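S.K.: below is the sequence, then the predicted model.
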Amino acid sequence: MKLYCATSNPGKLREFHLAAGQGWEFIPLIGLPPCEETGQTFEENAIQKATYYSRQAPGLVFAEDSGLEVDALGGAPGVRSARFAGDGASDDDNNRLLLEKLRGVGDRSARYCCAIAAAQAGTVLQTFRGEVAGRIIDEPRGTNGFGYDPYFFYEPFGQTFAEASPEQKLRVSHRGQAVARMLDWASGRP
């Protein structure tokens, strides 16, 4: 089955392909003007992007918004996860700011959240959510993954998401959960 994917993030594209397995073709929508993300929640941003891009694609489009929520920071970085240290910030910049804000904080509980919206011809058809809990550690561990993964410690694995294999991470991750729910739904569509 063919789905149009509204992301240019190579890490997310790898995870989408890995999650889908055989029988699914994800076609990235490249070269279109970007959709401004003004939502206050992951769901609002995913819906904005899905409706926007679905007006410009010939089939079913899905868009995703995801990020890290840290309890001690009142849910920040949240929808600003990719831009936590400012527009154009690198993963290193964002992680450095996160650790700075958590200096001396005992409660490091956090969660990754992902919302996916599926739309066609400007109409949202369904949304899907995934969430996984962990905690933020002070030193990076592992080279897999991207974003906050080297600092996101997942207790059941006894390691960070960056230490886990991509397949292992995807089985439990926020994005893996949301993609699986979307593909189950899309499989039942005519």
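M.R.: Cool, the structure landed. Numbers count the residues shown, from 1 in each chain.
S.K.: with adjacent residues omitted, what lies nearest to the residue nearest to the spatial centre of the chain?
M.R.: Central residue of the chain (Cα atoms, centre = their mean): residue 66, 3.4 Å from the mean position. The spatially closest residue to residue 66, leaving aside those adjacent along the chain, is residue 114, at 3.8 Å (Cβ to Cβ, 6 or more residues apart in numbering). Where you see a C-beta, it was placed from the backbone N, CA and C, and this is true even at glycine.
S.K.: across the sheet, point out what pairs with that neighbour.
M.R.: residue 66, residue 130 (DSSP bridges).
S.K.: follow-up on the earlier one: state the distance from the residue nearest to the centre of the chain to residue 105.
M.R.: 23 Å (Cβ to Cβ, to the nearest Å).
S.K.: and if you look at residue 72?
M.R.: 5 Å.
S.K.: ok, back up a step: correct me, but the residue nearest to residue 66 touches residue 63?
M.R.: No. At 11.3 Å, residue 114 and residue 63 do not qualify as touching, with contact defined as Cβ atoms under 8 Å.
S.K.: comparing those two, which residue is more hemmed in?
M.R.: Applying other Cβ atoms under 10 Å to residue 114 and residue 63 shows that residue 63 carries more neighbours, namely 27 against 24.
S.K.: who touches stretch 153-166?
M.R.: 14-15, 18, 132, 134-137, 140-145, 149-152, 168-169, 172-173 (Cβ atoms under 8 Å, 6 or more residues apart in numbering).
S.K.: show the buried residues in those residues.
M.R.: Neighbour counting with 16 or more other Cβ atoms under 10 Å marks 15, 132, 134-136, 140, 142, 145, 149-152, 169, 172-173 as buried within the contacts of stretch 153-166.
S.K.: three-state assignment of the closest residue in space to residue 137 that isn't next to it in sequence?
M.R.: Excluding its sequence neighbours, the residue lying closest to residue 137 (Cβ to Cβ, 6+ apart) is residue 153, at 4.9 Å. At residue 153 the chain is in strand, as set by DSSP: H, G, I helix; E, B strand; the rest coil.
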